[in-house]
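I would like to see how this sequence folds:
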Amino acid sequence: MDTPDLPIRLHLVEDHDLTRFGLRALLSAQPDFQVVAEARTGEEALDQLTRFTADVILMDINMPGMDGIQAAQEARLVQPSAQIVMLTASNRRDQLFAALASGAIAYCLKSAPPAVMFQAIRSAASGSAFFDPESARHLLHTVQGSAPLAPLTERDMAILRLVADGQANKDIATTLGISVGLVKKHIGEILEKLQATDRTQAAIKAFRAGLI
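Predicted coordinates for the structure are as follows:
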């Protein structure tokens, strides 16, 4: 995914101060990110959303008082244009499903590498769903039946593995020594072959089929 011309405005919601400070430092170091607000609780986050405009809300699930699930639901009403990335230490399937139901477009474990979190944010900002690889594996068990998959080339497989690892198009191009345009072309073909609507669904189907 190409870096946007304007920074992605981030609203960071995390109740643990040290974790929040660390996340802010990581995010602020990215040239395409701008942390515009920070909150320690869901209630504080909702109040801030009446005063700040965010492109992406990075929301912790487990917080005292209003948890991240309820806060996400309310945030979608206050600022419908803001996309929500759930960031959590939990890999519980019930929380994953609850996050999706709340309107979150991406889900990332706190144990994931920073690059995966960055990709989750960038994908969310562009309106694309994203799950870190471990969470995507949990989703496999809910994917019901699928049509036979079209054969994938070796290059398709190489790109698909990097997509599943959370790499952006530019990173995939660098890793494989090809152009970003060619990466985009291959990803389009992969989506068509796997009958998938986006990168995340393609990764899920590939996991289910035992391709990666």
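
give the contact list for the residue nearest the centre of the chain.
What sits nearest the mean C-alpha location of the chain, by Cα atoms, centre = their mean, is Ala120, with 2.7 Å. Counting by Cβ atoms under 8 Å, 6 or more residues apart in numbering, Ala120 makes contact with Val85, Ala106, Tyr107, Cys108, Phe130, Phe131, Asp132, Gly166. (C-beta placed from N, C-alpha, C; glycine too.)

among these, which are in strands?
Val85, Ala106, Tyr107, Cys108, Phe130, Phe131 (DSSP state E).

now do the helices in the protein.
17-28, 42-49, 68-78, 93-101, 114-125, 133-139, 154-164, 169-176, 180-193, 199-208 (DSSP state H).

wait, which of these is closest to His11?
helix 42-49 (6.8 Å; Cβ to Cβ).

and the protein, what are its domain boundaries?
Here the domain parsing of the chain from automatic domain parsing is 8-133, 143-203.

quickly compare those and say which is most buried.
Ranked by mean neighbour count, these are led by domain 8-133 with a mean of 19 (mean count of other Cβ atoms under 10 Å).

and that domain, average pLDDT?
For domain 8-133, the mean per-residue pLDDT is 90.

end-to-end on it?
23 Å (Cα to Cα, to the nearest Å).

please report how far the nearest residue to Ala89 once chain neighbours are set aside lies from Arg92.
Using Cβ to Cβ, 6 or more residues apart in numbering and skipping residues adjacent in sequence, the residue nearest Ala89 is Lys110, 4.8 Å away. Going from Lys110 to Arg92 by Cβ to Cβ, to the nearest Å gives 13 Å.

what does Pro64 give?
18 Å.

these two touch, right, Val35 and Leu10?
Yes. Here Val35 reaches Leu10: they are 4.9 Å apart, a contact under Cβ atoms under 8 Å.

which residues are in contact with each of those two?
Common neighbours of Val35 and Leu10 (Cβ under 8 Å, 6+ apart) are Leu27.

need the contact list for Arg155.
Counted by Cβ under 8 Å, 6+ apart, Arg155 has contacts Leu176, His186.

quick revisit: any idea how far the residue nearest to Ala89 is from Met117?
Taking Cβ to Cβ, one finds Lys110 at 8 Å from Met117.
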